[in-house]
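Trainee: Got a predicted model here, sequence first, then my questions.
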Amino acid sequence: MNLLFYFKELFCRIFERKKTLIALACVYVIFIVLGIVFIKTPAIYAYHINLCDRYVDRVCFSNESVFIIFLERFLGNTVYLAIILCAGVHWAGLILPSLVFSYRAYTFGGSLAIFFSVYKMSGALIVFVLYLPVHLLLDVIFISASTLSFGRAKCFRFKREDFLMLLRDFLILLSFVLAVCFVELILLVMLFHPIGNLM
């Protein structure tokens, strides 16, 4: 099995749908901006500050083992990826990828505003060395998966070949999710978690 061929073939299918990819990226940016703009709304502010507090407490400065954090983060993002890719088996399911990454973009924008306005310098450190790069890398994967789903919805047949391609896409993109989560683990160990907190 030539893994490199499958990787190239997947990326070719993504970039063949440049208009879809660009449209999804634009929607993503718009929702980031909306998240920043509407952060002052009381209910939205409370929701986002709770998200940021939970991220700081459970990821950055948690007493939990970094390996448990890694596993939780990886499994959570695996669920996102599965939802996005499986939505492409029928055109009616395409609302799911849009909802998933729109929600992620909106909360991303709002959380950035909270980190800078509430956490100040410590927030800026968390954003630039951990939250921003990891979140953006994962969202690139999810937008790519959404592009594949939009392309798949028009021609998916409930046959063995199509299911195998869906599974192959999932496994390839999952390997990228795994890599990003591993990078996050390394950053947590290097910058936030003491060595004694590995286990």
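Mentor: Here it is on my side, so go on. Numbers count the residues shown, from 1 in each chain.
Trainee: Can you get me a residue count around residue 83?
Mentor: Neighbours of residue 83 under the rule other CB atoms under 10 Å: 17. No exception for glycine: its C-beta is placed from N, CA and C like everyone else's.
Trainee: Spatially nearest residue to it (excluding sequence neighbours)?
Mentor: residue 96 (5.7 Å; CB to CB, 6 or more residues apart in numbering).
Trainee: just checking, the one you found touches residue 87?
Mentor: Yes. Using CB atoms under 8 Å, residue 96 is in contact with residue 87, at 4.0 Å.
Trainee: So which of these two has more stuff around it?
Mentor: residue 87 (24 against 17).
Trainee: Helices along this protein, start to end?
Mentor: With DSSP state H as the criterion, the chain has helices at 3-16, 18-37, 42-55, 66-86, 95-117, 120-126, 132-153, 160-187.
Trainee: and of those, who's closest to residue 193?
Mentor: helix 66-86 (5.2 Å; CB to CB).
Trainee: Now find how far off-centre that closest one is within its chain.
Mentor: 9 Å (CA atoms, centre = their mean, to the nearest Å).
Trainee: repeat for stretch 87-107
Mentor: On the basis of CA atoms, centre = their mean, stretch 87-107 sits 12 Å off its chain's mean C-alpha point.
Trainee: now stretch 65-75
Mentor: Stretch 65-75 sits 15 Å away from the centroid of its parent chain (CA atoms, centre = their mean).
Trainee: Return the set of buried residues in that stretch.
Mentor: By neighbour count on 16 or more other CB atoms under 10 Å, the buried set for stretch 65-75 is 66, 69, 70, 73, 74.
Trainee: Next one: residue 153 relative to residue 166, how far apart?
Mentor: Distance of residue 153 to residue 166, computed by CB to CB, to the nearest Å: 12 Å.
Trainee: Need the overlap of contacts for those two.
Mentor: Between them, residue 153 and residue 166 share these contacting residues under CB atoms under 8 Å, 6 or more residues apart in numbering: 88, 89.
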